[in-house]
Structures are given as C-alpha cells and as structure tokens.
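Asks: coords below, sequence missing:
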C-alpha cells in the first residue's frame, strides 16, 4: 500500500514536473523546442526582437523603450533601454531606493568627426527627463558615464515613485565640446567639427514610454 | 532598519496568509502523508528561493523575470490541480487516495510557486545591504539585518496565527478561505506574469494587457490588504463563535478544558489581529515615514564683507558638513558646502550642486557626504576636485582664520540655482 502510494507520488510529480518544465521552456523561448514550427516562430521573433540585448547573456534583460530605438540624432544612433536598478562603483553601491536603471545607448553613425561607426560616443552630457501625461516630472537628471557587461553607456538609477504607466522620456544631448573634447583640424583632422554637428544646439530625442517595472 | 521591516512585509504578506490558509486546509482534510507532501512543498519553495537569491547576487546567470514566470506557471498548475480535485467528478473518476494525492501536490506546487515568486527578493536583502554598507561588522549592517529579521519573524507569526485561527473554524470556512485566497493570489500572479511577459516581449504590447500589467504593478498594497481582509474575516468569525460556545461537557474538568481551548483560540485570534495590524501599519505609516524626502540641513550664518563670504575656521572644524547660502543681487540663493577633511588642515569646499544632478544638494549620512538625488556617496577627500558627482569646484582662500569665498566664483554659477 505504502509502495503504491509512493509510486503514485513519484508518477504525479514527474508528470507535473514535465508539464511545468515545458511551460518554462516556452516562456523562455529555449531552443530545445526548435523541432516544432511554433518554437521556430518563437525563436525567430526572439532573434529579431532581442538580438540587441547583450545583457541577456549575463542573466538580465535590457528592456527597450520602443519609441526610442535606433533613432538617428545627427551623427548618433540613440536607443533607450531600462532594467532593474543596479549597484555601481565607486560610490553608488547603494541602489535600494531606486526602481530602475535607465540607459541611453549612443553609437556613432557615418560621420566626419573621427568616431568609428558603431562605436560608443564618449564625452557627451545627456540630461534625461521623464514626465507624466499631465506634464509633471517623474524623474530628471543627468546621466553618468559607466560600463556594464555590454560595454560603456550613459545611464542612471532612477526612482519612479508613481509606478507603472505611460510616460514621456526625453534625452537632451549636449556637444562633447562642453566636456572639452577636441577635434583635430587641418590635415590630421577627420574633416568635420563639433560646432557644425551641434550647430542647432543640443540634440533632443524623446518618445512615449509604456513603463512597467521589472523584477529585481 | 525600518525599510527592511516594511519591505519584507510588502513582499511576503500575501504568501504568509496564503500559507496559513493552505496549511489549515491540509491539516483539516489530509492524513499524515498528505500533510508531509504539503510541508515538503513549502520547504522546497523556501529552499529554491534561498538558492536563487544567493545565485542572483553572486552569479550573472539568474534572470529574475524568467524565474518568476516559471514560478507563476508552477503556481497556476498547482491551483488547477487543487480546484479540479475538489470537484465531485474528480472523485468519481479517480480513487479517493489518488484525488487526494493530486490535490496535495496542487497545494505543494502553489506553495512552491508563491514562495518562489515572492520570497526570492526579500532573501537577497542581506546581500543588497552588504553592497551598500560594505562590511558585516558595522552597526549599519546590524540594524538593517535586525529590521529584515523582524520582518521575516512577523510574517512567520502571521502565517502561524492564520493557520491556528482557521484550524478552529468549520470545514466550510477552511475551504472557503483556502479557495478564495489561492484564487486571489493566482489572479495577482497572473497580472504580474503579464507584466513580465510584456517587458520580455513574450506577448505583444496592447492597451488592455498593458493596463492589466499597470494595475497589477501599482496595487501591491491593495492586494496585500485584500488578502489580510480575508484573514480578518476568518478571525472575526472565530471571535464571534468564541462568545457563544455551547460545547457539552460532563464534568467541571471537561468544562475547564473547553474553556482553556477557546481561550487559546482567542489568543491566536488576537495574535493574528496584531500581526495584520502591524503589517498594515508597516506598509503604510512606517513606509511613508521612512520614505519621506531628506531635508537639507539649514544654511549657517557667516560674515559678508566687501570681497566675499567669510567663514571662521572654528565654525567648520568639527569634520561635519556645513552649508552656507549667499544671496545674489538678483535674489538667487547660491549654496556652497564646507567639510574639514580628516585631522589635517585641508577643507573640501564646493557648491551644493554638481554637474550631473544640478542643485539637488548634499547631506551627511553616517559620516559620509551623499548626493540627495542619486544617493552617490562622495569620497570626502575628493571634494574640491572636479568630476563625477562631486560638488562643483569654486575658488576660495584661507586667511587670518577665515575661509574666504569670493562673490565672483559664486555668481559665475548663479544659473545652476535658477533652474
């Protein structure tokens, strides 16, 4: 009798485990299910939508802000992502009071300023402002320069006290000249100048943001 | 300390009450083996939560979003089994023992799923605190850990009290509480799973799903209160019943025993009320008190002379942060700070603002200078040097026992304080 009960227990546990495992695999789009058409479709969707999230390899997912993805801003390509607040060193190890880490990934497009195409653009000052539908400010400040497992970027831990909702996010990008970044002129220069690149003043990139918090 | 008491309460109140409900159900309707299955499920849930919490902070391989989706899957599977095995057709199709076993597994899965989802985060707090305070041998670490432990103890006692209260009620009350609690927790977890699926693009964003995810995200307090209210209804039923006890007895000894039993039940009901009230106060009053914005210390007096602001050295000798405000001719308050560096005669002097966070200001916390906006801790030795979140550098001189900050250097930065 005891033996039978144990058998039932193990059998049911295995059956349930298998079901749960399959749910888990579907949830993460694992390639183990690649032999089905559905799984292939899932994989394909993942490949297109998440290929640009190198942080995933390191156990976290960068969540893109859809309206600011690969936006061409002058000679720069701008993408906005966020994920859970993170500790940073030196000095910013305490991240208890923040909700998310907001990032501006900025890389160079074809340019005459000497930046390699696809390279991170250094020495930028980027102000961020997150506003609610009524125009009130949810968060604002200036990004710091930092590096994560996927390379250098501009970002900050921020608090979103009003939680999930639809916001507007705005990045104001200042010229690297403000940080005394110089461009060679004459025969050793790349041809362009920062004055020309920022002739209309700071570059503003903004978009709507359907924000939901992420699991820490 | 307070932060960790209310954070743990917020994270675990739903799990604690549900655990009480489900254990009461198991103790009422299952034999020894069934209770063991449920207990193992609960223990396994906590074990998984501990392992994931450790791995999450020590390795880069734990993706919380995916793990939480798995936990929700486990929970919903358990809920399905639990409810299905209650239906009459389940007992008609399966033997009683098999139906019971499946229901026991259902409860075990619910406990694993709910605990895994909700307990992982609070179990990372010791590591999060350590990152912040840098040493386990510090009063700061000690007090925060005490807060964390108090939160966990409160949740454990709450679960136990709910279990004891429900144990004293009728079968239908136990079933009603377990079903209501588990279905409600299931709905909450579905809402949170939608949130995780949205952020990971597992499902496409659309208005309805987004609104559900927003509701699930922003109403954690409401969900905890509803779960607590379900428990409170059980407590109320028990208290009302305890006022009209009519159990037959044959002799005074039996009567005393009955009275002692009900006294004990009333005590557990009181414990449950106290725990529920404490939880409510934690996540409302205590949280509001602890989260209130840091206020900058008031500006201090100093001498204004023709060429600048004169601050006597003895006024800033104590090694603490001192704040001063010079009002410009245009009426703009330009703040600057001074802190003596260690035992020497050098001073960290700068604006009460930085290039990154603007004029938010700095405050002193446990002997450290901290930026009010980004919470970055300044290295006091580097205050007065340019860069990062350091105070914006200003000119000054030290002469005849005074620190002298010229007006020009302050007026050059007036615009920072007008934004």
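Replies: Great, that's in hand. Bear in mind that the values here come from a model prediction, so they are computed numbers and not experimental data.

Asks: Is residue A:61 part of a helix or strand, or is it coil?
Replies: For residue A:61, the reduced secondary structure class is coil; criterion used: DSSP: H, G, I helix; E, B strand; the rest coil.

Asks: List the residues that contact residue B:25.
Replies: Applying Cβ atoms under 8 Å, 6 or more residues apart in numbering or on different chains, we find residue B:25 in contact with B:107, B:166, B:174-175, B:177-178. In this view, the C-beta of every residue, glycine as well, is placed from N, C-alpha and C.

Asks: Now with 6 Å, please.
Replies: For residue B:25, the contact set (Cβ atoms under 6 Å, 6 or more residues apart in numbering or on different chains) comprises B:174, B:178.

Asks: And it, how close does it get to residue A:104?
Replies: 51 Å (Cβ to Cβ, to the nearest Å).

Asks: Please name the nearest non-neighbouring residue to the one residue sitting closest to the centre of chain A.
Replies: Among the residues of chain A, the smallest C-alpha distance to the mean C-alpha position (Cα atoms, centre = their mean) belongs to residue A:81, namely 2.4 Å. For residue A:81, ignoring the flanking residues on the chain, the nearest one in space by Cβ to Cβ, 6 or more residues apart in numbering or on different chains is residue A:62 at 4.1 Å.

Asks: who's in contact with stretch A:175-190?
Replies: Defining contact as Cβ under 6 Å, 6+ apart, one finds that stretch A:175-190 is touched by A:112-114, A:123-125, A:193-194, A:198.

Asks: Out of those, list just those in strands.
Replies: Here DSSP state E is the test, and the contacts of stretch A:175-190 give residue A:125 as lying in strands.

Asks: of all the contacts of stretch A:175-190, which two lie farthest apart?
Replies: Of all pairs drawn from the contacts of stretch A:175-190, the one with the longest distance (Cβ to Cβ) is A:112 and A:125, at 21.6 Å.

Asks: Compare these two (neighbour count), which wins?
Replies: Neighbours were counted for residue A:112 and for residue A:125 using other Cβ atoms under 10 Å in any protein chain shown; residue A:125 has more, 18 against 14.

Asks: which residues touch the more buried one?
Replies: For residue A:125, the residues meeting the contact criterion (Cβ under 6 Å, 6+ apart) are A:174, A:178.

Asks: what pairs with it across the strands?
Replies: For residue A:125, the beta-bridge partners under DSSP bridges are residue A:174.

Asks: mind checking pLDDT for it?
Replies: Reported pLDDT at residue A:125 in the predicted model: 90.

Asks: Make sure the residue nearest to the centre of chain A is indeed in a strand.
Replies: Yes: under three-state DSSP, residue A:81 sits within a strand.

Asks: and residue B:86, backbone torsions?
Replies: Dihedral angles phi and psi of residue B:86 (degrees, to the nearest 10) take the values phi -90, psi -30.

Asks: Ignore what I typed, I meant residue B:369.
Replies: Note on residue B:369: backbone dihedrals following degrees, to the nearest 10 are phi -100, psi 130.

Asks: Look up how far residue B:133 lies from it.
Replies: 16 Å.

Asks: ok, residue B:40 - contacts?
Replies: The neighbourhood of residue B:40, defined by Cβ under 6 Å, 6+ apart, contains no residues.

Asks: any idea which element it lies in?
Replies: In this structure, residue B:40 is located in helix B:32-58 according to DSSP states H and E.

Asks: now that helix, how far from the chain's geometric center?
Replies: Its chain's average C-alpha position is 21 Å from that of helix B:32-58, according to Cα atoms, centre = their mean, to the nearest Å.

Asks: and what of stretch B:374-387?
Replies: Taking Cα atoms, centre = their mean, one finds the center of stretch B:374-387 at 29 Å from the center of the full chain.

Asks: what sits up against that stretch?
Replies: Outside of stretch B:374-387, the residues within contact range by Cβ under 6 Å, 6+ apart are A:91-92, A:94, B:341, B:348-350, B:357, B:368-370, B:389-391, B:393.

Asks: Buried only: go through these for me.
Replies: A:91-92, A:94, B:348-350, B:357, B:369-370, B:389-391, B:393 (16 or more other Cβ atoms under 10 Å in any protein chain shown).

Asks: Could you list everything residue A:151 pairs with in the sheet?
Replies: Beta bridges link residue A:151 to residue A:148, judged by DSSP bridges.

Asks: what's around it, how many residues?
Replies: For residue A:151, the tally of surrounding residues (other Cβ under 10 Å) stands at 11.

Asks: Same check on residue A:149?
Replies: Burial of residue A:149, expressed as a neighbour count using other Cβ under 10 Å, amounts to 11.

Asks: What distance do you get for it to chain B?
Replies: Distance from residue A:149 to chain B, counting by Cβ to the nearest Cβ, to the nearest Å: 7 Å.

Asks: I only care about the contacts of stretch A:175-190 that end up buried; give me the PyMOL line for that.
Replies: Selection of the buried residues among the contacts of stretch A:175-190 in PyMOL, burial being defined by 16+ other Cβ under 10 Å:
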select buried, chain A and resi 113+124+125+193+194+198
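
Asks: export the contacts of stretch A:175-190 to TSV and tack on distance to residue B:46?
Replies: Below are those laid out as TSV (distance: Cβ to Cβ, whole Å):
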residue	distance to residue B:46
A:112	60
A:113	56
A:114	56
A:123	49
A:124	46
A:125	47
A:193	62
A:194	57
A:198	56
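
Asks: all strands for chain B, in order.
Replies: Using DSSP E, strands in chain B cover B:303-305, B:308-312, B:322-327, B:333-340, B:347-354, B:362-365, B:368-371, B:377-378, B:391-393, B:397-399, B:402-406.

Asks: in the fourth one, what counts as buried?
Replies: Which is strand B:333-340. Neighbour-count burial for strand B:333-340, with 16+ other Cβ under 10 Å as criterion, is recorded at B:334-340.

Asks: which residues in chain A form helices?
Replies: The residue ranges that make up the helices of chain A, judged by DSSP state H, are A:2-28, A:37-50, A:194-197.

Asks: same deal with the stretch 151-300 of chain B?
Replies: Secondary structure of the stretch 151-300 of chain B (DSSP state H, counting those that start in this stretch): helices at B:171-199, B:207-218, B:220-242, B:252-281, B:287-290.

Asks: Compare the ones you listed and say which comes out lowest on pLDDT.
Replies: The lowest average pLDDT among the helices of the stretch 151-300 of chain B, as it happens, falls on helix B:287-290, at a mean of 87.

Asks: distance between that one and the chain's centre?
Replies: Helix B:287-290 has its C-alpha centroid displaced from the chain centroid by 11 Å (Cα atoms, centre = their mean).

Asks: List the buried residues for it?
Replies: Using 16+ other Cβ under 10 Å, the residues of helix B:287-290 that count as buried are B:287, B:290.

Asks: Please enumerate residues in contact with that helix?
Replies: With Cβ under 6 Å, 6+ apart as the test, helix B:287-290 has contacts from B:2-3, B:6.
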